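Asker: Here's a sequence, model it:
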Amino acid sequence: MSLVAAVLALTFAAAPAGATAITAPGGVVAVPSHKFKTFKSSSTARVGIRPALSTLDDPPSGGCQEDVNASTTGEYDGTTLALIATETSYAGTLICEVGTPGQTMRYLWIQSSMFINGGLREPQPGPGECSHEVPTDAPCTEIDSVGSAFCLAASERCDGFYAATIEYDMLLPDGWVYTGWPSNCQQIGPPELACHAGTETYTIPPVYPA
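Answerer: I've put the predicted structure just below:
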């Protein structure tokens, strides 16, 4: 598997006059003097499918592409510059590229997760899944799992290390088996792989960066 290097980018945005601060559960606090900064990280990789003999449906000939990404906005006090809260959006996707109509996986499943300072954020989003089996018999080529996480510095530590991860399973159609797989996957049966991936860890500082 060729792994595209994870991208870590920083963008800056100061809250304009009258702007509304990050919304905490239970209400909105308008703090025009507060400052905001967004931190992002993402990772993509191709998961090659190299099946053997086919008897029924053909799998997607272009292989499958995994993606996991996260974006965190930190809210800082405009006077003390101390971190007040963070709001994070994160997602994992798995897309299998079809070469001809009718190509499909038998089953796909993905779960995204967010970690702050090594702790799993709850609640997790629901997993994404699809199945090419009775009664639907619809093509199964694309799934996602999308979540969000809020952290309030007054009640817990919000500065520190952030990272998103995904776990996913890929089951080939009947009659196909894997003859090779990338290092972030393991075979749990001739036609099935269990895989994992994650963003690079990125840091949210306790004080607004100069």
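
Asker: So which residues of this protein form strands?
Answerer: Across the chain, reading from the start of the chain, the strands by DSSP state E fall at 3-14, 35-47, 64-76, 83-96, 107-116, 119-120, 128-131, 142-152, 160-171, 185-189, 192-198, 202-204.

Asker: Mean pLDDT added to the ones you listed, as TSV?
Answerer: Below are the strands of the chain laid out as TSV (pLDDT from 0 to 100):
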stretch	mean pLDDT
strand 3-14	30
strand 35-47	75
strand 64-76	94
strand 83-96	95
strand 107-116	96
strand 119-120	97
strand 128-131	95
strand 142-152	97
strand 160-171	96
strand 185-189	89
strand 192-198	94
strand 202-204	95
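
Asker: export those strands to JSON lines and tack on distance to residue 177?
Answerer: Quick note: C-beta positions are derived from backbone N, CA and C, even for glycine. Compiled in JSON lines, these are given as follows (distance: least, Cβ to Cβ, whole Å):
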{"stretch": "strand 3-14", "distance to residue 177": "24"}
{"stretch": "strand 35-47", "distance to residue 177": "15"}
{"stretch": "strand 64-76", "distance to residue 177": "16"}
{"stretch": "strand 83-96", "distance to residue 177": "17"}
{"stretch": "strand 107-116", "distance to residue 177": "15"}
{"stretch": "strand 119-120", "distance to residue 177": "34"}
{"stretch": "strand 128-131", "distance to residue 177": "19"}
{"stretch": "strand 142-152", "distance to residue 177": "22"}
{"stretch": "strand 160-171", "distance to residue 177": "11"}
{"stretch": "strand 185-189", "distance to residue 177": "9"}
{"stretch": "strand 192-198", "distance to residue 177": "9"}
{"stretch": "strand 202-204", "distance to residue 177": "38"}
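
Asker: Would you convert these into TSV that also reports mean neighbour count?
Answerer: Listed next are these as TSV, based on neighbours: other Cβ atoms under 10 Å:
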stretch	mean neighbour count
strand 3-14	12
strand 35-47	19
strand 64-76	22
strand 83-96	22
strand 107-116	21
strand 119-120	11
strand 128-131	18
strand 142-152	18
strand 160-171	22
strand 185-189	13
strand 192-198	19
strand 202-204	18
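
Asker: Residue 179 is nearest to which of the ones you listed?
Answerer: strand 185-189 (10.0 Å; Cβ to Cβ).

Asker: CA-only coordinates of that closest one in CSV, if you can.
Answerer: Backbone C-alpha positions of strand 185-189 (Å, rounded to 0.1, in the frame of the first residue of the first chain) are rendered in CSV as follows:
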residue,chain,number,x,y,z
CYS,A,185,-5.1,-4.6,7.5
GLN,A,186,-5.3,-8.2,8.7
GLN,A,187,-7.1,-11.1,7.1
ILE,A,188,-9.9,-12.6,9.2
GLY,A,189,-11.0,-15.0,6.6
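
Asker: That strand packs against which elements?
Answerer: In this structure, strand 185-189 makes packing contacts with strand 192-198, judged by 3 or more Cβ pairs under 8 Å, 6 or more residues apart in numbering; DSSP states H and E.
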